[in-house]
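Student: sequence below, structure please.
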Amino acid sequence: MIAFSVDQQDPRCAARAAVLSTPHGAVDTPAFMPVGTLGTVKGMAPDELRELGFGLMLSNAYHLYLRPGHRLIQEQGGLHGFTAWNGAILTDSGGFQLVSLADLRKITDDGISFRSHLDGSLHHLTPELCMEIQMALGSDVMMTLDECPPHPCSNEQAMIAVTRTTAWAKRCAVAARDRRQALFGIVQGALDADLRRQSARELVEIGFDGYAIGGLSLGEDKPALLSMLEVSVDELPPSRPRYLMGVGLPEDLVEGVMRGVDMFDCVIPSRHGRTGWLFTTQGRVLIKHAQYAKDNGPIDTQCECPVCRKYSRAYLRHLYLSNEMLGVRLNTIHNLWYYRTLMDAMRSAIQDGIFPAFRRAFYEQRREYEKSAAHAELAGATVVAEGSTSGKDG
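Tutor: Residues are numbered from 1 along each chain as shown. Sure, this is the predicted structure:
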């Protein structure tokens, strides 16, 4: 079973520093969870994640159920033994992933019938099976099965999703499970404030070890996302961890922490690493740009990650343009380090009671960098256009 204790809350906002204690170690919050959908963060070994400072990883029960199968993983010592990851694991139930299978699934009050995106085989996922899968995986934190409506959706669709999510949450709460595994309920409600409040209140009435805010970052604008986040958090008990699902960019993490969120996950740091988009304390670096061809400096002069200590922007650009596997790995290592240190910096600011000032400095530094970077990128583009008959980079 997990325990959650709040150490410090900033007196001028809802940002808070806490500790989430799990059977596989304690995790300081605010915390970012690298996404290891299939039991691995792409290109990263488990011990590398530990060395980068992460103690909590997310995996996906839906995908692992389809391949290699939850029973096989259970026989191999659960997800911890199977992956050789000795930190904590949170498993998502797969409700969000099933949104993308609109042509392959049918949702009823009993559960979700769907065809596997791998081989077309037919499956029926119920709240009880969802708990059975996650219990076999042996995750530290399990998620209830929820219905995540698409964006945009009608008010009727959102209402049905909330009703089903509550009903399924009740069934998950009473299903047979290992009580050492925590269970989080998931708030839905699309972009309807009243439905968000209703969903949160109904879940709190059932009673869970923690609460997630789902159904956001689906294409809505940032003001709408933040508004629904605030509405949801306001209804959740301060004594339980709050988890914003699938979000996001560095600025999303800062805004979420300011509003009282404790946990985040997103594929952005690893996915963007694979596409050459690197995060720095001053803003983003698109490593393919011609301006970095002879740049002997690190990605970020303020970063102490293993990549910035050894490799230049010029070398990383060469690896990226050459489609070298090492480039993807180094980019991912840097991005994950950036996310972890950002969370650490926010925790320190909360403990010092200066989070609003930290937030202002975060944006000011990025604005100054983006102004200078825009000029540099324009100059680099001009050089490429004038020096290349093909007009192609690199």
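
Student: quick one: contacts for residue 6?
Tutor: 16, 17, 18, 238, 239 (CB atoms under 8 Å, 6 or more residues apart in numbering). The way it works is simple: take the backbone N, C-alpha and C, and place the C-beta from them, glycine included.

Student: let's see 7 Å
Tutor: By CB atoms under 7 Å, 6 or more residues apart in numbering, the contact set of residue 6 is 16, 18.

Student: so it bridges to which residues?
Tutor: Beta-bridge partners for residue 6, by DSSP bridges, are residue 18.

Student: any idea how far residue 207 is from it?
Tutor: Counting by CB to CB, to the nearest Å, the gap from residue 6 to residue 207 is 19 Å.

Student: equivalent analysis for residue 183, please.
Tutor: Distance from residue 183 to residue 207, by CB to CB: 10 Å.

Student: number of nearby residues for residue 252?
Tutor: 22 (other CB atoms under 10 Å).

Student: before we move on, what about residue 368?
Tutor: For residue 368, the neighbour count with other CB under 10 Å is 12.

Student: hang on, the earlier thing: between residue 183 and residue 207, which is the more surrounded one?
Tutor: Ranked by neighbour count (other CB under 10 Å), residue 183 and residue 207 place residue 183 first, with 22 against 11.

Student: A strand includes residue 113, no?
Tutor: Yes. Looking at residue 113 with DSSP: H, G, I helix; E, B strand; the rest coil, it is inside a strand.

Student: pLDDT-wise, which helix or strand of the chain ranks last?
Tutor: helix 355-387 (a mean of 69; mean pLDDT, DSSP states H and E).

Student: where does the prediction get shaky in this protein?
Tutor: 99-100, 373-394 (pLDDT under 70).

Student: so what's the residue nearest the centre of it up against?
Tutor: For the chain, residue 265 is the residue whose C-alpha lies nearest the centre (CA atoms, centre = their mean; 1.4 Å). By CB under 7 Å, 6+ apart, the contact list for residue 265 reads 33, 35, 58, 245, 246.

Student: format those as a markdown table; extra columns: distance to residue 132 and neighbour count.
Tutor: Below are the contacts of residue 265 laid out as a markdown table (distance: CB to CB, whole Å; neighbours: other CB atoms under 10 Å):
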| residue | distance to residue 132 | neighbour count |
| --- | --- | --- |
| 33 | 23 | 24 |
| 35 | 23 | 22 |
| 58 | 19 | 26 |
| 245 | 22 | 25 |
| 246 | 24 | 22 |
